[in-house]
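Peer 1: How does the following fold in three dimensions:
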Amino acid sequence: MHHLPLRALIAEDLATARRRDPAARTRVEVALTYSGVHALWLHRIAHKVWHVSPLLRLPARIISQLARTLTGVEIHPGAVIGRRFFIDHGMGVVIGETAEVGEDVLMFHGSTLGGRTMSHGKRHPTVGNNVVIGAGAKVLGPVTIGSDVQIGANAVVVKDVADGDVVVGVPGRPRPRPAEASPEDLIDPAIYI
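Peer 2: Predicted coordinates for the structure are as follows:
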């Protein structure tokens with residue numbers, strides 16, 4: 001999944017948190033107090049264990065549930081998470097088993113990459129690179145979210161989203177991206193309505 005040595009990957013995670021969160025003052029502060037970073041680190045362990053052998057899937061699930069208890073973030077050990085992923089505030093984030101998340105993705109608290117059916121197989125979203133998923137947003141089902149997408153707070157996305165789109169509302173609908181908007185901006189759905 002990741003080709004960086006562990007020490008470099010940890011350093012990258014800390015740098016990503018500092019870059020994404022203007023409130024982050026030091027790497028030590030991030031390492032000790034950021035639940036989204038802790039959830040990501042525990043997910044990486046659980047994900048490795050999950051793929052070692054089907055016999056180790058229960059221990060992987062135990063690690064993921066420990067992470068959920070400690071951080072308020074639930075990431076299934078089967079989910080694939082790219083580099084420079086950051087969960088801001090963390091609490092209430094849920095990422096399902098067959099979710100695939102690209103690189104440089106930012107998720108805010110209360111957001112979900114979930115399923116819509118109880119069937120086996122691919123049932124969770126695939127998220128491209130450089131995506132921002134706003135607070136409380138729900139992306140449901142085996143949909144594909146393109147790269148450079150912004151999903152507004154509390155949007156409910158149940159259809160594929162093209163590269164570069166901004167999605168707001170219930171159900172989520174693409175809106176033209178204002179010229180000044182970038183993936184680094186916080187999403188204010190009111191500017192797209």
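Peer 1: can you map out the helices along the protein?
Peer 2: Counting by DSSP state H, the chain has helices at residues 6-20, 27-33, 35-52, 57-71.
Peer 1: Tabulate these (JSON lines), appending mean neighbour count and mean pLDDT.
Peer 2: Heads up, the C-betas are built off the backbone N, CA and C, glycines and all. Formatted as JSON lines, the helices of the chain follow (neighbours: other Cβ atoms under 10 Å; pLDDT from 0 to 100):
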{"stretch": "helix 6-20", "mean neighbour count": "16", "mean pLDDT": "90"}
{"stretch": "helix 27-33", "mean neighbour count": "13", "mean pLDDT": "92"}
{"stretch": "helix 35-52", "mean neighbour count": "20", "mean pLDDT": "95"}
{"stretch": "helix 57-71", "mean neighbour count": "17", "mean pLDDT": "96"}
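Peer 1: Would you reformat the ones you listed as CSV and include distance to Asp88?
Peer 2: As requested, the helices of the chain are arranged in CSV below (distance: least, Cβ to Cβ, whole Å):
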stretch, distance to Asp88
helix 6-20, 7
helix 27-33, 12
helix 35-52, 6
helix 57-71, 13
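Peer 1: which one of the ones you listed lies closest to Asp163?
Peer 2: With respect to Asp163, and counting by Cβ to Cβ, the nearest of the helices of the chain is helix 6-20 at 20.9 Å.
Peer 1: That closest one relative to helix 35-52, how many degrees between them?
Peer 2: What separates the directions of helix 6-20 and helix 35-52 is an angle of 140 degrees, with axes from the mean of the first three to the mean of the last three Cα atoms, to 10 degrees.
Peer 1: Looking at the helices of the chain, which is nearest to Gly78?
Peer 2: Gly78 lies closest to helix 35-52 among the helices of the chain, at 5.7 Å (Cβ to Cβ).
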